[in-house]
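1. all I have is the shape, not the residue letters:
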């Protein structure tokens, strides 16, 4: 893997990477994403400590202020440009050379920047009325409603910044450079921590945290501009112009954005329903942060590395490499996702209480978060598989088919969300999201198989089954540890671990997670999900790429 500061590449297309190339690209992206997620976890601890959930209006307002621009960010970052720009840019690099490809990138960036700036201004002006659509439940609390409006107006400029970041990340990813696009989110975590930690009350923490989001957005955009220039790409600023190539991108990007962002649309709908319960938005957001860890580390990372390789294989008619890429991506993703899902399902209360119950975040908030986390855990494999299966359509230039499936998924999520919310409360919203996501995966998998584009090989089915067995085994151990949690904490308390930040429950949680993680890989090797020799060979291929 070449660093983003490497010398400019030749005008010929980047060579297709096979085998270990996908593994290495995914590992680099995942490693840097892990750093970002760990920093994000520290940021989330600070947010929950300062703002709480149901006890103050600040947390719900702040999470709303993040959710609305982030909905658009997900469209542009993981939807439209994963769906349309990366394959088009990679194809242009192969067929037309760097100069024409970079002109396409510059025109697309100008159009994207103009569109998102217009959206931002409109949303800021209309926010007092838009908030009735975003979080209608806040109307019952005028102070929360007003705070949410102000904070969302502050955070909206994050949208054009992130759209530019997403676009320039696509330029780098198409050139097989993943370091800066994976590492840029660290700046958001650092900036929000700097602005939140000095505050002494929930409302000021939420206000200054929103300011930190804008500072981070500008810093991330500047970093990616620098990285693209260092890579040798010549993506210059210019006035927007709707060239035929840009019009074609827009035509594919709009349905692609909806298709690849089905999970985010469902989360937005979930937040809309949860706004009717004090603390509901924050409970879902806190649970969301935990299950987003495997989604960000595995689903997005492998999907980002998969799309350029898959697009090259489709463009060159290399069916064997296309099949191999999908098989490898699914097996690799589930090898990390299924144990994460097992942990979320086996010990949601242990996780939410051990991680978040302190400061303004109460034990009641932790129990409500755990209820939602259980159902998100059941949906986690689907959240990841959505990222991978959608790439198989995008690489073939088909964004409309997954868009239809995404719209069906959203409709199902709305229907189940309303029914289950009224039956069982906020946790019903999480259950509806999981159901809708599995439906979306099923539709994409069946269609790809029916069209002859992709179906998992027999070896992949066997491997996934063995991975599932290892994950279930680990999950049973974690469930037992959660059940007998007092027995684990008792000797730690006897040792005097009763701190407000690090106490018996925190140490017990860390020990339990370490035991579960340490048990999973021997079980994985025992059941034959991955052989040690295969892992060593893959890593050697990655180094040689």
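-> Looks like it arrived, so ask away. Please read these numbers as outputs of a predicted model, since none were measured by experiment.

2. show me the contacts for the closest residue to residue 379 other than its chain neighbours.
-> The shortest distance from residue 379 to any non-neighbouring residue, by Cβ to Cβ, 6 or more residues apart in numbering, is to residue 434 (2.8 Å). From N, CA and C alone the C-beta is placed, and that goes for glycine too. Going by Cβ atoms under 8 Å, 6 or more residues apart in numbering, residue 434 touches 375, 376, 378, 379, 382.

3. one more: residue 476?
-> Residues near residue 476 by Cβ under 8 Å, 6+ apart: residue 346.

4. ok so, going back, before we move on, what SS does the residue nearest to residue 379 have?
-> State at residue 434, reduced to three classes by DSSP: H, G, I helix; E, B strand; the rest coil: helix.

5. same check, this time on residue 240
-> Using three-state DSSP, the three-state assignment for residue 240 comes out as coil.

6. OK, contacts around it?
-> Neighbour list for residue 240: 107, 110, 111, 113, 114 [criterion: Cβ under 8 Å, 6+ apart].

7. between the contacts of residue 434, which is nearest residue 125?
-> Of all the contacts of residue 434, the one with the least separation from residue 125 (Cβ to Cβ) is residue 376, at 34.6 Å.

8. excluding chain neighbours, what is closest to that closest one?
-> With Cβ to Cβ, 6+ apart as the criterion, residue 376 has its nearest non-adjacent residue at 4.3 Å, and that residue is residue 291.

9. the host helix or strand of the one you found packs against which elements?
-> Assigned by DSSP states H and E, residue 291 falls within helix 280-294. In this structure, helix 280-294 packs against helix 20-51, helix 58-74, helix 262-274, helix 319-346, helix 348-356, helix 363-394, helix 426-450, with contacts taken as 3 or more Cβ pairs under 8 Å, 6 or more residues apart in numbering; DSSP states H and E.

10. nearest to residue 158, of those?
-> Closest approach to residue 158 among those (Cβ to Cβ): helix 58-74, 4.8 Å.

11. now the angle from the helix or strand where residue 210 lies to helix 58-74?
-> Element membership of residue 210 [criterion: DSSP H and E] is helix 202-231. Compare the direction of helix 202-231 with that of helix 58-74 by axes from the mean of the first three to the mean of the last three Cα atoms, to 10 degrees and you get 20 degrees.

12. can you pull out the low-pLDDT segments for this structure?
-> Screening the chain residue by residue with the criterion pLDDT under 70, one finds the ranges 1-33, 74-83, 176, 178, 255-267, 294-311, 314-315, 496-502, 530-545.

13. for residue 347, what are its contacts?
-> Contacts for residue 347 were tallied using Cβ under 8 Å, 6+ apart; they are 478, 479, 481, 482, 512.

14. can you count the residues close to the fourth one?
-> Okay, so that is residue 482. Counted with other Cβ atoms under 10 Å, the burial measure for residue 482 works out to 18 neighbours.

15. next, the buried residues of stretch 365-380.
-> Residues of stretch 365-380 classed as buried under the neighbour-count rule (16 or more other Cβ atoms under 10 Å) are 365-366, 368-380.

16. ok, which of the helices and strands packed on helix 280-294 comes nearest residue 193?
-> If we rank those by Cβ to Cβ, the stretch that ends up nearest is helix 20-51, at 5.3 Å.

17. state whether residue 455 is indeed within a helix.
-> No. The assignment for residue 455, made by three-state DSSP, is coil rather than a helix.

18. go ahead and confirm it touches residue 447.
-> No. The pair formed by residue 455 and residue 447 falls short of the contact definition of Cβ atoms under 8 Å, at 10.9 Å.

19. sorry, back to before: go through the helices and strands packed on helix 280-294 and name the closest to residue 463.
-> Across the helices and strands packed on helix 280-294, residue 463 has its closest neighbour in helix 319-346 (5.0 Å, Cβ to Cβ).

20. just to revisit the earlier point, now the contacts of residue 434 as CSV including distance to residue 244?
-> Shown next, in CSV, are these (distance: Cβ to Cβ, whole Å):
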residue, distance to residue 244
375, 46
376, 43
378, 45
379, 40
382, 37
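
21. report the two of these separated the most.
-> Farthest pair in the contacts of residue 434 (Cβ to Cβ) is 375 and 382. Separation: 11.6 Å.

22. follow-up on the earlier one: now distance to residue 149 too, for the helices and strands packed on helix 280-294, in TSV please.
-> As requested, the helices and strands packed on helix 280-294 are exported to TSV (distance: least, Cβ to Cβ, whole Å):
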stretch	distance to residue 149
helix 20-51	17
helix 58-74	9
helix 262-274	15
helix 319-346	33
helix 348-356	27
helix 363-394	24
helix 426-450	23
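
23. of the ones you listed, which is nearest residue 90?
-> Short answer: helix 363-394, nearest of these by Cβ to Cβ, at 11.3 Å.

24. so residue 279 versus residue 56, what's the distance?
-> Here the distance between residue 279 and residue 56 works out to 9 Å (Cβ to Cβ, to the nearest Å).

25. my bad, should have said residue 230
-> The spacing between residue 230 and residue 56, counted by Cβ to Cβ, is 44 Å.

26. the more surrounded of the two?
-> Using other Cβ under 10 Å as the criterion, residue 230 and residue 56 rank with residue 56 on top: 23 against 17.

27. rewinding a little: out of the helices and strands packed on helix 280-294, which gets nearest to residue 172?
-> Nearest to residue 172 among the helices and strands packed on helix 280-294 is helix 20-51; the distance by Cβ to Cβ comes to 11.1 Å.

28. could you give the number of residues near residue 238?
-> Applying other Cβ under 10 Å, I find that residue 238 has 11 neighbouring residues.

29. need the contact list for it.
-> If you count contacts by Cβ under 8 Å, 6+ apart, then residue 238 has 106, 107, 110 around it.

30. nearest to residue 397 among those residues?
-> For these, the closest approach to residue 397 (Cβ to Cβ) belongs to residue 107, at 18.9 Å.

31. give me phi/psi at that closest one?
-> The phi and psi torsions at residue 107 (degrees, to the nearest 10) take the values phi -60, psi -40.

32. check the one 4 residues further on too.
-> The phi and psi torsions at residue 111 (degrees, to the nearest 10) take the values phi -70, psi -40.

33. isn't it right up against residue 248?
-> No. With contact defined as Cβ under 8 Å, residue 111 does not count as touching residue 248 (11.9 Å).

34. the more surrounded of those two?
-> When neighbours are counted by other Cβ under 10 Å, residue 111 comes out ahead of the other of residue 111 and residue 248, with 21 against 14.

35. quick check: chain neighbours aside, which residue is closest to the more buried one?
-> residue 240 (4.5 Å).

36. distance of that neighbour from residue 107?
-> Here the criterion is Cβ to Cβ. By it, residue 240 lies 7 Å from residue 107.

37. residue 277 too?
-> Noted for residue 277: a distance of 46 Å to residue 107, by Cβ to Cβ.

38. could you do residue 480 as well?
-> Computed as Cβ to Cβ, the residue 480 to residue 107 distance reads 58 Å.

39. who's more crowded, those two?
-> In terms of neighbours (other Cβ under 10 Å), residue 107 is the more surrounded of residue 480 and residue 107; the figures are 20 against 13.

40. ok, now which ones touch that one?
-> Shown in contact with residue 107 (Cβ under 8 Å, 6+ apart): 238, 240, 241, 243, 245, 246.

41. which of those residues sits closest to residue 43?
-> Within the contacts of residue 107, the smallest distance to residue 43 is 34.4 Å, found for residue 240 (Cβ to Cβ).
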